[in-house]
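K.L.:
Using only what follows, build the 3D model:
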Amino acid sequence: MNDGVNGVALGVFVFFFLAVTVMGFLAARWRKADNEHSLDEWGLGGRSFGTWVTWFLLGGDLYTAYTFVAVPAAIYAAGAAGFFAVPYTILVYPLIFTFLPRLWSVSHRHGYVTTSDFVRGRFGSKGLSLAVAVTGILATMPYIALQLVGIQAVLDVMGVGGGESTNWFVKDLPLLIAFGVLAAYTYSSGLRAPALIAFVKDTLIYIVIAVAVIYIPIKLGGFDEIFKAAGDKYTAAGAGGLVPPGAGQWTYATLALGSALALFMYPHSITATLSSRSREVIRRNTTILPLYSLMLGLLALLGFMAIAAGVKVQNGQLAIPQLFENMFPAWFAGVAFAAIGIGALVPAAIMSIAAANLFTRNIYKDFIKPDATPKEETRVSKIVSLLVKVGALVFVLTMDKTVAINFQLLGGIWILQTFPSLVGGLFTRWFHRWALLAGWAVGMAYGTLAAYGVASPTQKHFGGSSKEIPGIGEIGYIGLTAFVLNVVVSVVLTFALRAFNAPDGVDETSPEDYTADAGDPGVRTDLPPATAGASN
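P.N.:
Just a heads-up that it's a prediction; the model follows:
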């Protein structure tokens, strides 16, 4: 790692950063809203994005700076087991093809902004809606923090901010500046800012990956040499070579499946989805988004390249930035660093907007001020989006980075527990609201306690996301085990509650709502969702 500042790389990085900053502020004039004081406009971009804008927005939302850094870092540290991210992003698109168009339709029919809006409307329960909202906010916070970790990793490799002995303010000043810029243009432009910047971010990433998978192997003697070097490392470490032993297959499969089920439960995924202008846009995107999975597979190979290039870092998250620093000319290393840095800004902006929308619609409006006007909702959401980013920044600056990573793993376990309420509710009203709430509580409790009991060589608690599956004896993903318990409890209690004629909530939706498209009679996007009949 360089002891000094890489001036050329830093110059290129700053150029692109300033360019997207300008774009972020100009985005407020892009597709300018007739009514700026509306959560639909600020938080969902006016629900007006077409196929390509939605594709770039979802890609920028799902394939983050942390993905860019962490996926190949997992390969660098653990071998082929880190490739679980590739099959899970393949599994997820047929899955979302079945339910996202239905969610888009019912949300546009009733003006829903968040998943909790839908859950409240479908099951007539503010309590269940609150559970989904709180889970979404908790799961999103560490995810935002990890985007800032991605920026910090790039700054560290470029030598910006000085060493660990440097005054904390000087050391973290570049990150503070990046945070300030992100907060400012998100507040000003809402979802339009990351939607516009996503074009630059994804273009840079595709260019960097295309160059990396051609240029770096040529410099290292070809893929034969790369795989040989990686295999030798894992064999020497007792890992059995590139392919993990059979004992790890349950972990690999359950982690891939559980991650696929969880991905579109995250609030930022739904926010990007609901910003599209038609049901058909969503259907098209489920067919072309797998192009990002191809990119992800190539990106993962960088982990093997880092091994073959002799990259040695104490923090695995620095492996890929350091690989770029070592292998690329300084100017192109700056382009690669800009791709990672901008790749953090786009999802961090969407995540903060999504978390703010959840708080505004499903905590502030439902429990604090039910008569809040659309203008007031927008103002509160803007302020909360700033507070969410401040919280993430404090998290990054005051805690060890492994803590942020562990909380993000825990967030994946948590957000999966909202699947029965959201996806189940899109297809059936059979589940009882109290049963879903009880299932959610059991899944959350089991997942948290099981993760707390996982130790690693460096940590006593929250050392991983896999543990022995009860009754099977194999090691598997905790989130999927918790999800199964969640579903079992929800089903059993629904039978019991219906047998005792427990009172049901009011369903404000109708069957035709789930297939409605833009322009169909009755589709309203100018009104907030009805709350009549919602109860605890």
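K.L.:
contacting residues around the most centrally placed residue in the chain?
P.N.:
Nearest residue to the geometric centre of the chain (CA atoms, centre = their mean): residue 62, 5.4 Å. By CB atoms under 8 Å, 6 or more residues apart in numbering, the residues touching residue 62 are 89, 263, 269, 289, 292, 347. Every C-beta, even on glycine, is put in place using the N, C-alpha and C of the backbone.
K.L.:
Repeat that for residue 147.
P.N.:
Contacts of residue 147 by CB under 8 Å, 6+ apart are 64, 65, 66, 344, 345, 347, 348, 351, 392.
K.L.:
Is it in a helix, a strand, or coil?
P.N.:
The local conformation at residue 147, judged by DSSP: H, G, I helix; E, B strand; the rest coil, is helix.
K.L.:
tell me the pLDDT at it?
P.N.:
Note for residue 147: predicted pLDDT of 83.
K.L.:
circling back: considering the contacts of residue 62, which possesses the most neighbours?
P.N.:
residue 347 (29 neighbours; other CB atoms under 10 Å).
K.L.:
quick one: the nearest residue to it once chain neighbours are set aside from residue 284, how far?
P.N.:
Spatial nearest neighbour of residue 347, chain neighbours left out: residue 64 (4.2 Å); criterion: CB to CB, 6 or more residues apart in numbering. Distance of residue 64 to residue 284, computed by CB to CB, to the nearest Å: 23 Å.
K.L.:
Tell me which of those two has more neighbours.
P.N.:
More neighbours surround residue 64 than the other of residue 64 and residue 284, with 26 against 17 (other CB under 10 Å).
K.L.:
So which of the contacts of residue 147 is the closest to residue 116?
P.N.:
Checking the contacts of residue 147 against residue 116 with CB to CB, the nearest one is residue 351 at 15.8 Å.
K.L.:
contacting residues around residue 342?
P.N.:
So residue 342 contacts 16, 17, 20, 197, 200, 201, 204 (CB under 8 Å, 6+ apart).
K.L.:
which SSE is it in?
P.N.:
Using DSSP states H and E, residue 342 falls within helix 330-359.
K.L.:
buried sites along that helix?
P.N.:
For helix 330-359, burial by neighbour count (16 or more other CB atoms under 10 Å) applies to 332-359.
K.L.:
Quick check: next helix or strand after whichever strand or helix holds residue 287?
P.N.:
Assessed by DSSP H and E, residue 287 sits inside helix 279-288. Per DSSP H and E, helix 279-288 leads on to helix 290-300 as the next helix or strand towards the C-terminus.
K.L.:
Distance from the helix or strand following that next one to the middle of the chain?
P.N.:
Using DSSP H and E, the helix or strand that follows helix 290-300 in sequence is helix 302-308. Centre-to-centre, helix 302-308 and its host chain are 25 Å apart (CA atoms, centre = their mean, to the nearest Å).
K.L.:
Show me what helix 302-308 is packed against.
P.N.:
With contacts taken as 3 or more CB pairs under 8 Å, 6 or more residues apart in numbering; DSSP states H and E, helix 302-308 sits against helix 65-78, helix 192-220, helix 223-236, helix 319-327.
K.L.:
for those helices, which one sits closest to residue 313?
P.N.:
helix 319-327 (5.4 Å).
K.L.:
helices and strands around the closest one, which ones?
P.N.:
By 3+ CB pairs under 8 Å, 6+ apart, helix 319-327 packs against helix 65-78, helix 126-158, helix 192-220, helix 302-308, helix 330-359.
K.L.:
relative orientation of it and helix 330-359 in degrees?
P.N.:
Interaxial angle, helix 319-327 versus helix 330-359 (axes from the mean of the first three to the mean of the last three CA atoms, to 10 degrees): 160 degrees.
K.L.:
quick revisit: could the contacts of residue 342 be laid out in CSV, adding distance to residue 233, pLDDT and neighbour count?
P.N.:
Below are the contacts of residue 342 laid out as CSV (distance: CB to CB, whole Å; pLDDT from 0 to 100; neighbours: other CB atoms under 10 Å):
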residue, distance to residue 233, pLDDT, neighbour count
16, 34, 92, 19
17, 35, 90, 19
20, 37, 89, 25
197, 37, 90, 26
200, 36, 87, 20
201, 32, 86, 28
204, 30, 89, 21
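K.L.:
now, which of the residues you listed sits nearest residue 516?
P.N.:
Nearest member of the contacts of residue 342 to residue 516, counting by CB to CB, is residue 197, at 31.2 Å.
K.L.:
how close does that closest one sit to residue 123?
P.N.:
Applying CB to CB to residue 197 and residue 123 gives a distance of 37 Å.
K.L.:
now residue 92
P.N.:
Distance from residue 92 to residue 123, by CB to CB: 25 Å.
K.L.:
Which of the two has more residues huddled nearby?
P.N.:
Neighbour totals were compared for residue 92 and residue 123, and residue 123 leads with 28 against 24 (other CB under 10 Å).
K.L.:
residues near the nearest residue to the more buried one once chain neighbours are set aside, how many?
P.N.:
Leaving aside its sequence neighbours, residue 123 sits nearest to residue 433 (CB to CB, 6+ apart; 4.2 Å). Applying other CB under 10 Å, we find 28 residues neighbouring residue 433.
K.L.:
so where do the helices sit in the stretch 1-150 of the chain?
P.N.:
Assigned by DSSP state H, counting those that start in this stretch, the helices in the stretch 1-150 of the chain fall at 7-26, 39-44, 51-62, 65-78, 85-110, 115-123, 126-158.
K.L.:
Among the ones you listed, which comes closest to residue 460?
P.N.:
Closest to residue 460 of the helices of the stretch 1-150 of the chain, according to CB to CB: helix 126-158, at 19.2 Å.
K.L.:
moving C-terminal of the closest one, what's the next helix or strand?
P.N.:
helix 168-189.
K.L.:
Residues touching that following helix, excluding its own?
P.N.:
Outside helix 168-189, the residues touching it (CB under 8 Å, 6+ apart) are 17, 21, 24-25, 27-28, 148, 151-152, 155, 160-164, 193-194, 341, 345, 348-349, 352-353, 382, 385-386, 389-390, 393, 396-397.
K.L.:
What's the mean pLDDT across that helix?
P.N.:
Per-region confidence: helix 168-189 scores 79 on mean pLDDT.
K.L.:
what do you get for stretch 77-97?
P.N.:
For stretch 77-97, mean pLDDT rounds to 85.
K.L.:
tell me which residues in it are buried?
P.N.:
Applying 16+ other CB under 10 Å to stretch 77-97 flags 77-93, 95-96 as buried.
K.L.:
what does stretch 95-111 give?
P.N.:
Applying 16+ other CB under 10 Å to stretch 95-111 flags 95-96, 99-111 as buried.
K.L.:
Also stretch 432-446?
P.N.:
Quick answer for stretch 432-446 (16+ other CB under 10 Å): 432-440, 442-444, 446.
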